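**Q** Provided below are the primary sequence and the corresponding predicted coordinates.
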Amino acid sequence: MPPSSNRRARPARGQSAGQPQAGRPGRPRNAARGRSRSDPVRRVAYDVLWAVDQRDAYANLLLPTLLRERGIEGRDAALATELTYGTLRGLQTYDAILDLCSDRPAGQIDPPVREVLRLGAHQLLATRVASHAAVATSVDLAKDVAGMRPAGFVNAVLRRIGTREQAEWLRIIAPDRTADPVGFLAATYSYPRWIVAAFRDALGEDAADGLPETEQVLAAGNTRPKITLAALPGLAKREELAADAAEPTRWSPFGVVLPGGDPGAIPAVAEGRAFVQDEASQLAALALAAAPLATPAPAGPWLDLCAGPGGKSAVLAAVTQTGVPRPAATPSTPIAPSANTPATSSTPAAPSAPAGPKATPEIHLLASDIRPHRAGLTRAHLRNLPGTAVVAADARAGAWRPGTFDRVLADVPCSGLGALRRRPEARWRKSQEDVENLGALQRALLTAAIDAARPGGVVAYVTCSPHRAETHDVLRDVLASRNDTTVLHAPAILAEALRAASPGPDCAASPDLAHEIPGLSSPAPDGHYAQFWPHRHGTDGIFLALLRRAP
């Protein structure tokens, strides 16, 4: 039976079982009498699930706030996080099981009751919570948020779910793997089919082989990532970020991985000399900083044209001031020319005088974002870095002189499919149509980035998505419209940069560091692009292409 897709359908008129009493959903029914039956840990998980479903809240932002407000710490906070994130990831699977165990489809169960059932199903099938405790705490929660009558409905449905293990339910709800490998993986790991297909295509796997690596990606996306910090070169050392059980990042020369805890409690983070940033994002900035320019010239300014919230801008700005050792020459791995047809840029030339703020010799890095609040976040990231400027501007509208910048970063808006492990509800909010709608913007921004680079300058095109429509297809179309751009070998340049940066004065990498990052090249014939993967590299799924404008 296919998983339910109508997650927000309202109950039919006249429905009784599972229908809440009057009152605002999500609020305890007996709050006025000062009594609450439900466990605080389950209650905070429920409140986040409700807010995500009904108000499009972001779990990774709301949950920490509620935990602090309610004084939930330690093991209880860890359990609340697992219950919240695990339930959100497994919605499709749990709804499919509810379809079989309830007298109505999951989409027709009243929303407060449905959230309680999903939370109970996760405890029964995917945690070590005892079955009787999962059912009892769910019944108490239902009484608080929906009333006495729906509580009996919750008890009956969860007892049916508890009659089988998760593996048994998956054998029932998932299609045959041989006949429909994409559908099998979608049901087993709780992803929309289109995302499974997108990962398959990005990996270049053949369905006839059963999609084993696609399965690894999906499994990695269902695990909670550790906290990764970046110490800004020249402002902080990795030793400052060390804590109990902290480890240096595998490749980045200025990163640290924490097992947990509050990074804001580390002085360097509180002071803005270090911040949370995925290792692949650190490496993308390092690769742009190290990419060889085509012609020698006095050092010019750098540009980050989609800067918010500013993490990569901060790394780039720190590098412009402290310097990161660069390869002595272009990497020996050949540079791949773009498959171009003679044509002009698809956007009009910018005016000879800047329409917006002008990059001056004193400005080493200009960071821009079209959204003022994200420009503000970028300004906060750069507060300790002189020689930087931040503007709120549209990169497509000629906000600076064309041909001005030595290095340009285009970290464009994307679907975020490479960071699903950090945003458990995102997989249900995205659609194939969203990806298609972003295509025109991504092409325009990449074109603007190339136009902003000086002759011989370098551009990095970065997305937090492996979807080919946001990566290879965008590059193919933009490069086909130009005759002034070549494609550099990003994996080789990054390997040379890591070799040059280790050891360094402030951020020595591990002595046994393997500079050639395995499995980084995109599938042939596009091996000059770099694609990070959660299951291969333990990072977000960051895509990187390095381009150079002809001198």
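**A** Okay, I see it.

**Q** where do the strands sit along the stretch 101-250 of the chain?
**A** Secondary structure of the stretch 101-250 of the chain (DSSP state E, counting those that start in this stretch): strands at 227-231, 247-248.

**Q** Return the most buried member of the ones you listed.
**A** strand 227-231 (a mean of 24; mean count of other CB atoms under 10 Å). Heads up, the C-betas are built off the backbone N, CA and C, glycines and all.

**Q** partners of that one, with directions?
**A** Strand pairing for strand 227-231, using DSSP bridges, gives strand 255-258 (antiparallel), strand 274-276 (antiparallel).

**Q** Can I get whichever helix or strand comes after the last one in CSV, CA atoms only?
**A** Past strand 274-276, further along toward the C-terminus, the next helix or strand under DSSP states H and E is helix 279-290. Output in CSV follows, covering the C-alpha atoms of helix 279-290 (Å, rounded to 0.1, in the frame of the first residue of the first chain):
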residue,chain,number,x,y,z
GLU,A,279,33.6,20.9,6.7
ALA,A,280,32.6,20.8,3.0
SER,A,281,31.7,24.5,3.1
GLN,A,282,35.1,25.3,4.6
LEU,A,283,36.8,23.3,1.8
ALA,A,284,34.8,25.1,-0.9
ALA,A,285,36.0,28.5,0.3
LEU,A,286,39.6,27.1,0.6
ALA,A,287,39.4,25.8,-3.0
LEU,A,288,38.4,29.2,-4.3
ALA,A,289,41.1,30.9,-2.4
ALA,A,290,43.7,28.5,-3.8
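
**Q** what's the angle from helix 279-290 to strand 227-231?
**A** Between helix 279-290 and strand 227-231, the angle comes out at 30 degrees (axes from the mean of the first three to the mean of the last three CA atoms, to 10 degrees).

**Q** Now tell me what touches the very next helix or strand once past helix 279-290 from outside.
**A** Later in the chain than helix 279-290, the nearest helix or strand by DSSP H and E is strand 302-304. Strand 302-304 has contacts (CB atoms under 8 Å, 6 or more residues apart in numbering) with 312-313, 316, 320, 359, 364-368, 378, 400, 404-409, 411, 449, 452.

**Q** ok, the most centrally placed residue in the chain - contacts?
**A** Taking CA atoms, centre = their mean, the centroid of the chain lies closest to Ala419, which sits 2.3 Å from it. Going by CB under 8 Å, 6+ apart, Ala419 touches Asp278, Ala426, Cys464, Asp540, Gly541.

**Q** what's the most distant pair in those residues?
**A** Within the contacts of Ala419, two members stand farthest from each other by CB to CB: Asp278 and Ala426, at 15.1 Å.

**Q** who's more crowded, those two?
**A** Ranked by neighbour count (other CB atoms under 10 Å), Asp278 and Ala426 place Asp278 first, with 27 against 19.

**Q** ok, for the more buried one, nearest residue in space, not its chain neighbours?
**A** Leaving out its chain neighbours, the residue that sits closest to Asp278 by CB to CB, 6 or more residues apart in numbering is Asp540, at 4.6 Å.

**Q** Count residues in the vicinity of the spatially closest residue to Ser522 that is not a sequence neighbour, would you?
**A** Among residues not flanking Ser522 along the chain, Tyr529 sits closest, at 4.2 Å (CB to CB, 6+ apart). When neighbours are defined as other CB under 10 Å, Tyr529 has 23 of them.

**Q** Let me know whether Tyr529 touches Thr471 as I believe.
**A** Yes: using CB atoms under 8 Å, Tyr529 is in contact with Thr471, at 7.1 Å.

**Q** overlap in contacts of those two?
**A** Any residue near both Tyr529 and Thr471 by CB under 8 Å, 6+ apart counts here, and that gives Ser522, Phe543, Ala545.

**Q** Using JSON lines, lay out those residues together with distance to Ala274 and pLDDT.
**A** Shown next, in JSON lines, are the shared contacts of Tyr529 and Thr471 (distance: CB to CB, whole Å; pLDDT from 0 to 100):
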{"residue": "Ser522", "distance to Ala274": "31", "pLDDT": "93"}
{"residue": "Phe543", "distance to Ala274": "25", "pLDDT": "98"}
{"residue": "Ala545", "distance to Ala274": "28", "pLDDT": "98"}
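
**Q** one step back: do you know the pLDDT at the residue nearest to the centre of the chain?
**A** The model reports Ala419 with a pLDDT of 96.

**Q** Please apply the same query to the one 3 residues further on.
**A** Predicted confidence (pLDDT) for Arg422: 92.

**Q** okay, the strands paired with strand 227-231 in a markdown table with distance to Glu215 next?
**A** Below are those laid out as a markdown table (distance: least, CB to CB, whole Å):
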| stretch | distance to Glu215 |
| --- | --- |
| strand 255-258 | 25 |
| strand 274-276 | 29 |
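
**Q** And those strands: which comes nearest Arg499?
**A** For the strands paired with strand 227-231, proximity to Arg499 was assessed by CB to CB; strand 255-258 is nearest, at 16.8 Å.

**Q** Could I get the average pLDDT for that closest one?
**A** So the average pLDDT for strand 255-258 ends up being 92.

**Q** Please pull up the helix or strand immediately following it.
**A** Sequence-wise, the next helix or strand downstream of strand 255-258 (DSSP H and E) is helix 267-270.

**Q** coming back round to it: how close does the residue nearest to Ser522 get to Arg159?
**A** Relative to Arg159, Tyr529 is positioned 52 Å away (criterion: CB to CB, to the nearest Å).

**Q** same question, Ala174
**A** Taking CB to CB, one finds Ala174 at 23 Å from Arg159.

**Q** More neighbours: these two, which one.
**A** The residue with more neighbours, out of Ala174 and Arg159, is Ala174; 21 against 13, by other CB under 10 Å.
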